[in-house]
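Asks: After the sequence you'll find the predicted model.
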Amino acid sequence: MGAPVSDPPADANTQTKFDQTGKNTGNLLIGHALRRELAVDSYAFGTGHDARQVNENFDLIAIPAANFIYEHFDFGYMADFIERTTLPCLMVGLGAQSSSLTSLDLNIPAGTRRLLKIIAERSNSIGVRGEYTASVLEHLGITNVTLTGCPSLYMTLEPELKIRKRESDEGALRVAVNGSNNVIKHSFAPSFAADVERHLLDTAVRDNYAYVLQNEFPEIDIVLGRSTADQAAQASGALQRIGSQLGSSAYTAFLQKSGRVFFSVDEWSHFIRRMDFSIGTRFHGNMIALLSGVPALIIPHDTRTLEMSQLMKIPHVTVDRIGKIDIARLYDSTSFDEFSRNYAKLYQDYIRFLDLNNVAHRLNPVSSSLEVSAN
């Protein structure tokens, strides 16, 4: 349960595919990663299973989590399901969503509070996205937590993650841009977030960069060739939200030419490997680049993206500090040495976290030389 652990059926319609990603294609990385990391003989997904059969046929309830701690998300249905079972639980990637990293007293629905209590009781430690989420849980009286970040970070199953930067004489940069123009209102700096989204779009249009979408409609329908007059009007509304002067016809033409959306992790990874740089406000849109060895810069716009970027030491500049987007300058000034060193440490911590929860895994062992260099 939680983030999807497999791609939607290739022959499903767009809406079905989108729904099965949890309404954001970035969720695919979370679920795929945890499924890949755990050493399992068989698995089932979802809460629509008979509790008695779950108790008889399975050993663990694993939950690849996202920003579950949010005032608009009530996970009482998940708590109901787990309460009917007797199995231990593993939750990884739990995040709190707020407008500020200093606000701990969140208006969390009762069902979600009940879920968190059950998970805390049935696991030795909960894997959280960062220090902010750990503080929110401590405020709720839950202290058995480990700072793991997102499970997608460890999806390669390797103790080293090296990022390759191209030489300056290799021609024009091949860039993938991603954005979040539909979630500006819950940014910690909405006006700056709108400016960043506009700059990202204008840059992608001007330089003909790929523009990767994750949950934006009607843009996704336009990219997939399902454009209608109504959708063009809705796209115009998206432009107005970010203060763009780009006309709806030009926006539609750009999306049809350079827009991308992926319902397959392998296809997404294959695409991003052809890029030299990934930049934008989407965490997982940039994470898949890093996992593929491609340089990426995250522009955090909310607590979800910021606390993970901070913990994992992923190169990042917040929306209120980045200013006008200069791709070449940002690429040249971004170093991944600290990220790679920190990855080695987090990887070891993640193995210890899984061991603490008595969960068998497929992560490759860390050599003694790497252990020394990471400490």
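Replies: Received the coordinates, thanks. Being a predicted model, the structure only gives us computed values, none of them experimental.

Asks: what does the strand of greatest length in the chain contact?
Replies: For the chain, the strand with the greatest residue count under DSSP state E is strand 89-94. Applying CB atoms under 8 Å, 6 or more residues apart in numbering, the contact partners of strand 89-94 are 2-3, 30, 34, 38, 60-66, 68-69, 82, 118-119, 122-123, 126-129, 133, 137, 148-152, 354, 357, 359. The way it works is simple: take the backbone N, C-alpha and C, and place the C-beta from them, glycine included.

Asks: Generate a ChimeraX selection restricted to the buried subset of the residues you listed.
Replies: In ChimeraX, this line selects whichever of the contacts of strand 89-94 come out buried by 16 or more other CB atoms under 10 Å:
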select :2,3,30,34,38,60,61,62,63,64,65,66,68,69,82,118,119,122,123,126,127,128,129,133,137,148,149,150,151,152,354,357,359
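
Asks: quick one: which of the contacts of strand 89-94 sit in strands?
Replies: The members of those that map onto strands under DSSP E are 61, 62, 63, 64, 126, 127, 128.

Asks: So, low pLDDT: which residues of the stretch 151-300 of the chain?
Replies: 168-169, 227 (pLDDT under 70).

Asks: Show me where it has its strands.
Replies: For the stretch 151-300 of the chain, strands defined by DSSP state E, counting those that start in this stretch occupy the ranges 175-178, 210-212, 259-260, 277-280, 296-298.

Asks: can the ones you listed go into CSV with extra columns for distance to residue 222 and mean neighbour count?
Replies: As requested, the strands of the stretch 151-300 of the chain are exported to CSV (distance: least, CB to CB, whole Å; neighbours: other CB atoms under 10 Å):
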stretch, distance to residue 222, mean neighbour count
strand 175-178, 16, 25
strand 210-212, 11, 25
strand 259-260, 7, 20
strand 277-280, 18, 26
strand 296-298, 25, 26
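
Asks: would JSON lines of those strands with distance to residue 267 be doable?
Replies: Below are those laid out as JSON lines (distance: least, CB to CB, whole Å):
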{"stretch": "strand 175-178", "distance to residue 267": "13"}
{"stretch": "strand 210-212", "distance to residue 267": "12"}
{"stretch": "strand 259-260", "distance to residue 267": "10"}
{"stretch": "strand 277-280", "distance to residue 267": "16"}
{"stretch": "strand 296-298", "distance to residue 267": "18"}
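
Asks: which one of the ones you listed lies closest to residue 270?
Replies: Among those, the nearest to residue 270 by CB to CB is strand 259-260 (11.6 Å).

Asks: what about residue 121, neighbour count?
Replies: 11 (other CB atoms under 10 Å).

Asks: Compute the distance between it and residue 83, please.
Replies: From residue 121 across to residue 83, the span is 11 Å (CB to CB, to the nearest Å).

Asks: what residues do the two have in common as contacts?
Replies: Going by CB under 8 Å, 6+ apart, no residue sits against residue 121 while also sitting against residue 83.

Asks: For the closest residue to residue 153 other than its chain neighbours, which residues are in contact?
Replies: Spatial nearest neighbour of residue 153, chain neighbours left out: residue 312 (6.0 Å); criterion: CB to CB, 6 or more residues apart in numbering. Counting by CB under 8 Å, 6+ apart, residue 312 touches 149, 150, 153, 339, 342, 343, 346.

Asks: cool, and residue 242?
Replies: 181, 184, 194, 195, 197, 198, 201.

Asks: So which of the residues you listed wins on neighbours?
Replies: residue 197 (28 neighbours).

Asks: wait, doesn't that residue sit right on residue 281?
Replies: Yes - assessed by CB atoms under 8 Å, residue 197 is found in contact with residue 281 at 7.0 Å.

Asks: Show me the domain layout of this protein.
Replies: As assigned by automatic domain parsing, the chain contains the domains 14-159+344-374, 175-334.

Asks: What's the end-to-end length of the last one?
Replies: For domain 175-334, the first and last residues are 14 Å from each other (CA to CA, to the nearest Å).

Asks: what's around residue 138, how many residues?
Replies: Neighbours of residue 138 under the rule other CB under 10 Å: 12.

Asks: Ok, residue 72 next?
Replies: Counted with other CB under 10 Å, residue 72 comes out at 8.

Asks: Confirm it sits in a strand?
Replies: No - Residue 72: not assigned to a strand; according to DSSP: H, G, I helix; E, B strand; the rest coil it is coil.

Asks: Run a quick neighbour tally on residue 189.
Replies: Residue 189: 18 neighbours (other CB under 10 Å).

Asks: Just confirm it contacts residue 318, I think it does.
Replies: Yes - look at residue 189 against residue 318 with CB under 8 Å: they come within range, at 7.5 Å.

Asks: Quick check: neighbours shared by the two?
Replies: residue 301.

Asks: Which residue would you name as the spatial centre of the protein?
Replies: For the chain, the residue nearest the mean C-alpha position is residue 284 (3.6 Å; CA atoms, centre = their mean).

Asks: what sits against that one?
Replies: Listed by CB under 8 Å, 6+ apart, the contact set of residue 284 reads 26, 27, 29, 30, 150, 152, 214.

Asks: Please tell me the pLDDT value assigned to the first one.
Replies: Predicted confidence (pLDDT) at residue 26: the value is 97.

Asks: that older thread, what residues do residue 197 and residue 281 have in common as contacts?
Replies: By the contact definition CB under 8 Å, 6+ apart, residue 197 and residue 281 are jointly contacted by 179, 180.

Asks: Buried ones in stretch 234-251, by neighbour count?
Replies: Result for stretch 234-251 [16+ other CB under 10 Å]: buried residues 234, 235, 236, 238, 239, 242, 244, 246, 248, 251.

Asks: okay if I get the residues you listed as TSV plus distance to residue 106?
Replies: Shown next, in TSV, are those (distance: CB to CB, whole Å):
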residue	distance to residue 106
234	31
235	33
236	35
238	29
239	32
242	27
244	33
246	37
248	38
251	36
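
Asks: That's all I had, so thanks and see you.
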